[in-house]
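S.K.: would you be able to build a 3D model of this:
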Amino acid sequence: QVQLVESGGGLVQPGGSLRLSCAASGFSFDYYAIGWFRQAPGKEREGVACISSSDGNTAYADSVKGRFTISRDNAVNTVYLQMNSLKPEDTAVYYCATDLRPCGLGEYTHWGQGTQVTVSS
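M.R.: Residues are numbered from 1 along each chain as shown. Reported below is the predicted structural model:
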């Protein structure tokens, strides 16, 4: 059974940093791409970043390029999202997702429960 558990969210001041983690289990992690998505109240879900299964290829939404970095550690079945220079508009519930597909910010089959990120002074 595919399971994804996000952690690392919280309250941070504008300009601050957070690192989100997505711990995976129940599938062959090495073969799956992982995506990070977010959804703010009253807004549609937005793709943030993704990382491929094999060659480490990554992609980012324009809104986070240069501020967020996605990485994966296949030894511990975990993907990270390092978020720097956070802005109030980054406030959202952040989800990780996985599928047997190339890195992309489209549809994924399996989703975690999400972790809240709030950027506010």
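S.K.: residue contacts, residue 77?
M.R.: Shown here is residue 77, whose contacts under the criterion C-beta atoms under 8 Å, 6 or more residues apart in numbering are 23-25, 29. The C-beta positions use only the backbone N, C-alpha and C, and glycine is treated the same way.
S.K.: by neighbour count, which of these wins?
M.R.: Counting neighbours by other C-beta atoms under 10 Å, residue 24 comes out on top of the contacts of residue 77 with 23 neighbours.
S.K.: now stretch 72-82: buried residues?
M.R.: By 16 or more other C-beta atoms under 10 Å, the buried positions in stretch 72-82 come out as 72, 77-81.
S.K.: to which secondary structure element is the residue most central in space within the chain assigned?
M.R.: If you average the C-alpha coordinates of the chain and look for the closest C-alpha using C-alpha atoms, centre = their mean, you land on residue 36, 2.6 Å from that point. Residue 36 belongs to strand 33-39 when assigned by DSSP states H and E.
S.K.: would you mind listing the buried residues in the next helix or strand after that strand?
M.R.: If you walk from strand 33-39 toward the C-terminus, the next helix or strand you reach (DSSP H and E) is strand 46-51. By neighbour count, with 16+ other C-beta under 10 Å as the criterion, the buried positions of strand 46-51 are 47-51.
S.K.: how about a markdown table for those, with pLDDT and distance to residue 88 added?
M.R.: As requested, the buried residues of strand 46-51 are exported to a markdown table (pLDDT from 0 to 100; distance: C-beta to C-beta, whole Å):
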| residue | pLDDT | distance to residue 88 |
| --- | --- | --- |
| 47 | 96 | 20 |
| 48 | 97 | 16 |
| 49 | 97 | 19 |
| 50 | 97 | 24 |
| 51 | 96 | 26 |
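S.K.: list the contacts of residue 85.
M.R.: Taking C-beta under 8 Å, 6+ apart as the criterion, residue 85 is in contact with 15, 17, 67.
S.K.: with that, I have no additional questions.
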